[in-house]
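[1] predicted model follows, preceded by the sequence.
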Amino acid sequence: MSIPTTDPRLLSIHDYTYQLPPDRIAPEPLPDRDQSRLLVYRDGHLTNQTFRDLPAELPADTLLVFNDTKVVQARLLCHKPTGGQLELFCLEPVAPHRAIEPAMQQTGECVWKCLVGNGKRWKSGLVRLEFQARGRSATLTAERLEAADGYSLIRFSWSPAGLPFAAVLHGAGHLPLPPYLNRADTAADAVRYQTVYAAHEGAVAAPTAGLHFSDAVLADLARRGISTARVTLHVGAGTFQPVKAARMADHPMHDEPFVVAANVLRQLLAHDSRPLVAVGTTSLRTLESLYWLGVQAANGQLERGAADARPHVAQWQPYAPGSDLPPA
């Protein structure tokens, strides 16, 4: 084992490598999402409970922060003119919109950054996919514009052209289940691989900690006076990307867009010095990123540029040595 270090860039992947037997992975969820296991640590003791018990374990003045992103059916299984099949995995929009929500409402044609599976022989030409959308027959056509660094720019066009791209994905796409489940998606996954509070389409993977919350659990939280807030972070395909580098410093992290409404910022500020619980790592890194954007703003370092330029937290910025930092 390598020597422990406080610099995460020097962490070794070997210290985080372990064997996970396939029979320890549940390929299907429980019938009731709030009956999953909950491990509770209190006063030096661990107890096994069910997730339905969570509200009773939280202080009454807790603020729970949820990620309300919604998984899109981002996997498209298309057919080449020769009869072969290839997969287009839509990662992020490129044109005419880079922001996910207007991109999902785009009609007629758009360009996305994609992963292409089984596409080595796809040198040129168009691939097509017939599907049903809003009760009508529809056709999706894809053309590869360029490929670099393992990704491709794909131009999509479809008819009827008046369909928004969200409807195209709903009709033609498949949910990108985690590869370790080792199964195809089913109709049930359209419900179970979403949180009950999912609202904004754009993720290619679910914020999994939230999958255990049921309507009954949310109602129990409200009865106990536990407040909730919602942020939106669209989980990217990098969540499926294996770490191949020996050290963390050599593993490039992907970007993920997030949105925090002004009223949520005010809610967070008003809850200062009281218990705050981020539901899962996606909510947590949204809150962390908010802090670092605040540091940039305080130091006059927020980038200004093109019209579509957005504030950004670089991968290693939080670990850079130097200046005193304001409290969170």
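    Noted; the coordinates are in hand.

[2] give me the distance between the two termini of stretch 154-168.
    Length of stretch 154-168, first residue to last, C-alpha to C-alpha, to the nearest Å: 15 Å.

[3] and the average pLDDT for that stretch is what?
    For stretch 154-168, mean pLDDT rounds to 95.

[4] dig out what the closest residue to residue 200 other than its chain neighbours forms beta bridges with.
    Distances taken as C-beta to C-beta, 6 or more residues apart in numbering place residue 232 nearest to residue 200, at 4.8 Å, with adjacent residues excluded. Using the backbone N, CA and C atoms, a C-beta is placed for each residue, glycine as well. Listed by DSSP bridges, the beta-bridge partners for residue 232 are residue 259.

[5] look up how far residue 136 lies from residue 232.
    Here the distance between residue 232 and residue 136 works out to 31 Å (C-beta to C-beta, to the nearest Å).

[6] okay, the two: which has more neighbours?
    residue 232 (26 against 11; other C-beta atoms under 10 Å).

[7] so who does residue 208 touch?
    Contact analysis of residue 208 by C-beta atoms under 8 Å, 6 or more residues apart in numbering lists residue 280.

[8] please report how far it lies from residue 77.
    Here the distance between residue 208 and residue 77 works out to 24 Å (C-beta to C-beta).

[9] residue 8 too?
    For residue 8, the distance to residue 77 - C-beta to C-beta - is 38 Å.

[10] okay, the two: which has more neighbours?
    Each of residue 8 and residue 77 has its neighbours counted (other C-beta under 10 Å); residue 77 has more, 15 against 12.

[11] list the contacts of that one.
    85-87, 129, 174.

[12] for it, which three-state class applies?
    strand (DSSP: H, G, I helix; E, B strand; the rest coil).

[13] measure it to residue 90 for me?
    12 Å.

[14] cool, and residue 130?
    From residue 130 over to residue 90 the distance is 18 Å, taken as C-beta to C-beta.

[15] higher neighbour count, those two?
    residue 90 (24 against 12).

[16] check contacts around the more buried one.
    72, 74-76, 112-114, 154, 169, 173, 204.

[17] which of the residues you listed sits closest to residue 314?
    Set against residue 314, the nearest of these by C-beta to C-beta is residue 113 (20.0 Å).

[18] check which helix or strand the closest one maps to.
    Using DSSP states H and E, residue 113 sits within strand 109-117.

[19] the stretch 1-150 of the chain: strands as residue ranges?
    All strands of the stretch 1-150 of the chain, identified by DSSP state E, counting those that start in this stretch, fall at 37-42, 45-50, 63-67, 69-71, 75-79, 85-95, 109-117, 126-133, 136-148.

[20] other SSEs contacting the fourth one?
    For strand 69-71, the contact count by 3 or more C-beta pairs under 8 Å, 6 or more residues apart in numbering; DSSP states H and E identifies strand 200-203 as packing neighbours.

[21] please read off the pLDDT at residue 255 from the model.
    84.

[22] tell me if I'm right that it and residue 236 touch.
    Yes - shown here, residue 255 and residue 236 form a contact pair, counting by C-beta atoms under 8 Å, at 7.1 Å.

[23] compare those two and say which is more crowded by neighbours.
    More crowded of residue 255 and residue 236, by other C-beta under 10 Å: residue 236, with 19 against 12.

[24] so what's that one up against?
    Residue 236 neighbours (C-beta under 8 Å, 6+ apart): 91-92, 203-205, 254-256.

[25] against residue 277, how distant is it?
    Residue 236 sits 24 Å away from residue 277, going by C-beta to C-beta.

[26] dump stretch 266-280 to PDB, keeping only the CA atoms.
    Only the C-alpha atoms of stretch 266-280 are listed here, as PDB (Å, rounded to 0.1, in the frame of the first residue of the first chain):
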ATOM      1  CA  ARG A 266     -31.500  32.200   0.000                       C
ATOM      2  CA  GLN A 267     -32.700  29.000   1.700                       C
ATOM      3  CA  LEU A 268     -29.200  27.700   2.200                       C
ATOM      4  CA  LEU A 269     -28.100  31.100   3.600                       C
ATOM      5  CA  ALA A 270     -31.000  31.100   6.000                       C
ATOM      6  CA  HIS A 271     -30.100  27.600   7.200                       C
ATOM      7  CA  ASP A 272     -26.600  28.600   8.300                       C
ATOM      8  CA  SER A 273     -25.200  26.800  11.400                       C
ATOM      9  CA  ARG A 274     -28.000  24.200  11.400                       C
ATOM     10  CA  PRO A 275     -27.800  20.600  10.100                       C
ATOM     11  CA  LEU A 276     -27.600  20.300   6.400                       C
ATOM     12  CA  VAL A 277     -27.500  16.900   4.600                       C
ATOM     13  CA  ALA A 278     -26.600  16.500   1.000                       C
ATOM     14  CA  VAL A 279     -28.500  13.600  -0.600                       C
ATOM     15  CA  GLY A 280     -25.700  11.800  -2.400                       C
END
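
[27] residues making contact with that stretch?
    Contacts to stretch 266-280, defined as C-beta under 8 Å, 6+ apart, come from residues 58-59, 61-67, 207-210, 213, 227, 229, 284, 286-287, 290.

[28] among these, name the buried ones.
    62-67, 207, 209-210, 213, 227, 229, 284, 286-287, 290 (16 or more other C-beta atoms under 10 Å).
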